[in-house]
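# have a look; sequence and predicted model below, questions after that.
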Amino acid sequence: MHAIEKVRTAAEVLVDQLISNGVRHVFCVPGESYLAVLDAFHDRDIAVTICRQEGGAAMMAEAVGKATGRPGVCFVTRGPGATNASPGIHIASQDSTPLIMFAGQVARDVKEREALQELDFRAVFGSMAKWVTEIDDAARVPEIVSRAFYTATSGRPGPVVIALPEDMLRERIVARDAPPWEPVETSPGAAEMRQLEMLLRSAARPFVIVGGSRWSVQARETMQRVAERFAVPVATSYRRAPLFDPLHPCYAGDLGIGPNPKLVARIKEADLVLLVGGRLGELASQGYSLLDIPGPQTKLVHIHPGAEELGRLYRPHLAIHASPAPFAEAADAMQPPDPVPWRARTHAAHADFLAWTQVPTEQPGGVNLGAVMVWLRDNLPSDAILCNGAGNYAAWIHRFYRFRQFATHIAPTSASMGYGMPAAIAMKRLYPDRVVLSVNGDGDFLMNGQEFATAVQYELPIVVIVCDNGIYGTIRMHQEREYPDRVSGTMLRNPDFATYARAFGGFGVLVERTQDFPDAFKAAANSSKPAIIHLKIDPEAITPMTTLTGIREQAQAALVG
């Protein structure tokens, strides 16, 4: 770090502030509007990943925030660079992920003239970000960067957007560095915990749902210990499966895409629901059908680090304003009833989960994606990281893959397409010694497929699986249900994705039969290159439970009826 009295450019002060706050990776697409920052990176101990599109850079930073709980950081240029990055900001907003995006801006003396690529950042990002600001005074860089870290991480985490006028970044100043950011945790009160303990003692069918962000390895372990002592069934909310070990005897399943109907029934039958850390949004709540809004008939205890979320959608019987870690620690001191009256229900819930996920369902076509997921589940190390975007292919991930360790599933709860490729790059940059997979649909992959070039440039041997069924599968599924046999706008003509990989300098292989997948995966992993496995999926294989024809015939029968 520089001495306090040393003259630095505002850009150097900014980069030094990032380093003092523990930032070791940033993701960017270079732009002339923040050349001074690029110059400041040159002599600093920070890894800069140059991306091929700003959306990819923002998603990489979001993935870092999701995996670590510390703000991911990206830099983009003004105007189209910033708007290209907006999908990553929206993901961070809906996923409660700490993220800081720095964006170049036109010089201060030409503001409001509609100068080249000028943008009103507050107007554009105000509905997506927790805080949007512009640094007009170079001397305030340490103050504003410090506030950005606290804002992005406190309460319900989310994105912060900071605009940087290019002339401001070049100013030479003497500035005192702000102290490093420290997480702010909220703890439950003793009275609230006594009330919760009484509610549990009087319950006959309690159920716990864990979700949201701000968890840690220790908080996860403590929550599992609490669940085991109380023998209470636990479900994870949409794309939060790594918050609980799936082989733990209290685990009842995942509330996401195509959940076990028995799991949904159990939650609806519960007389006490503990929602820990999450918000129970549209997908996790199965279209807001699990609990009545705004007054649930079931007793609801909602534990959340953001006070503004308590009562926002569901009026809880007991609201506890607390971060997951302090809550889990306080819950660990509670005493379960003796004996625990619902223990047999919990054992049955876990048995139902195992039965639902153990064996892949039969599928049309040469490649059974469920069998592929089971093979990966049985053969990858437990710390392997799986990244994916959005599409019907993800239903097989949620049902058949099992995430045994914390932060091993990096995927958007906002169901944003194009996420799996950049997320995998970010994870391999952070954890070069771990196996990292990117699982994608065909339409999903090509929304950010150009970032495969980034993986090649930085020699990141990720394994990319592209599930190619030649359609926008999710939309086609809805189309057949609502407008049966009237196909429009959902067909795709795809490239040879294996050849695509080789064109960038990576490894590529085509798989058209399930039994060929293990050898293909081993070849991809042993190539020591970024690799694409091109899976040819029959478009009829639309979900683990039904086919396109089945959906169409059911919709046609309903129309006739």
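Cool, the structure landed. Numbers count the residues shown, from 1 in each chain.

# can you pull the contacts of residue 183?
69, 153 (CB atoms under 8 Å, 6 or more residues apart in numbering). (C-beta placed from N, C-alpha, C; glycine too.)

# mind doing that once more with 6 Å?
Residue 183 is in contact with residue 153, counting by CB atoms under 6 Å, 6 or more residues apart in numbering.

# ok so it is a helix residue?
No: the assignment for residue 183, made by DSSP: H, G, I helix; E, B strand; the rest coil, is coil rather than a helix.

# okay, now the unreliable bits of the stretch 401-550 of the chain?
Judged against pLDDT under 70, the stretch 401-550 of the chain has no low-scoring part.

# and the strands in it?
Along the stretch 401-550 of the chain, counting by DSSP state E, counting those that start in this stretch, strands occupy 409-410, 436-441, 463-468, 507-511, 531-536.

# so which of the ones you listed is nearest residue 420?
strand 436-441 (4.3 Å; CB to CB).

# pull up the pairing partners for the closest one, direction included.
strand 385-388 (parallel), strand 463-468 (parallel) (DSSP bridges).

# rebuild those as TSV, extending it with distance to residue 51.
Converted to TSV, the strands paired with strand 436-441 look like this (distance: least, CB to CB, whole Å):
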stretch	distance to residue 51
strand 385-388	15
strand 463-468	16
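
# can you get me a residue count around residue 378?
The number of residues packed near residue 378 is 8, by other CB atoms under 10 Å.

# quick one, phi psi at it?
Note on residue 378: its backbone torsions stand at phi -90, psi -10 [degrees, to the nearest 10].

# pLDDT wise, what is residue 257 at?
For residue 257, the pLDDT comes out at 84.

# in contact with it, which residues?
By CB under 6 Å, 6+ apart, the contact set of residue 257 is 394, 395, 398.

# what about the nearest residue to the first one once chain neighbours are set aside, how many neighbours?
On the basis of CB to CB, 6 or more residues apart in numbering, the spatially nearest residue to residue 394 that is not a chain neighbour turns out to be residue 388, at 5.6 Å. Residues within reach of residue 388, counting by other CB under 10 Å, total 28.

# my reading is that residue 273 lies in a strand. Confirm?
Yes: using three-state DSSP, the assignment for residue 273 is a strand.

# just the strands from the stretch 1-150 of the chain, written as ranges.
Ranges of strands within the stretch 1-150 of the chain are 8-9, 25-28, 47-50, 72-76, 99-105, 131-134, based on DSSP E, counting those that start in this stretch.

# got these as JSON lines, with mean neighbour count and distance to residue 204 columns?
Compiled in JSON lines, the strands of the stretch 1-150 of the chain are given as follows (neighbours: other CB atoms under 10 Å; distance: least, CB to CB, whole Å):
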{"stretch": "strand 8-9", "mean neighbour count": "20", "distance to residue 204": "64"}
{"stretch": "strand 25-28", "mean neighbour count": "25", "distance to residue 204": "49"}
{"stretch": "strand 47-50", "mean neighbour count": "16", "distance to residue 204": "53"}
{"stretch": "strand 72-76", "mean neighbour count": "30", "distance to residue 204": "44"}
{"stretch": "strand 99-105", "mean neighbour count": "29", "distance to residue 204": "42"}
{"stretch": "strand 131-134", "mean neighbour count": "19", "distance to residue 204": "45"}
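
# looking at those strands, which is closest to residue 249?
strand 72-76 (34.9 Å).

# send the alpha carbons of the closest one over as PDB?
Extracted in PDB, the C-alpha atoms of strand 72-76 (Å, rounded to 0.1, in the frame of the first residue of the first chain):
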ATOM      1  CA  GLY A  72     -17.500  -9.600  -6.800                       C
ATOM      2  CA  VAL A  73     -16.000  -6.700  -8.800                       C
ATOM      3  CA  CYS A  74     -16.300  -5.800 -12.500                       C
ATOM      4  CA  PHE A  75     -15.300  -2.800 -14.600                       C
ATOM      5  CA  VAL A  76     -17.100  -1.800 -17.800                       C
END
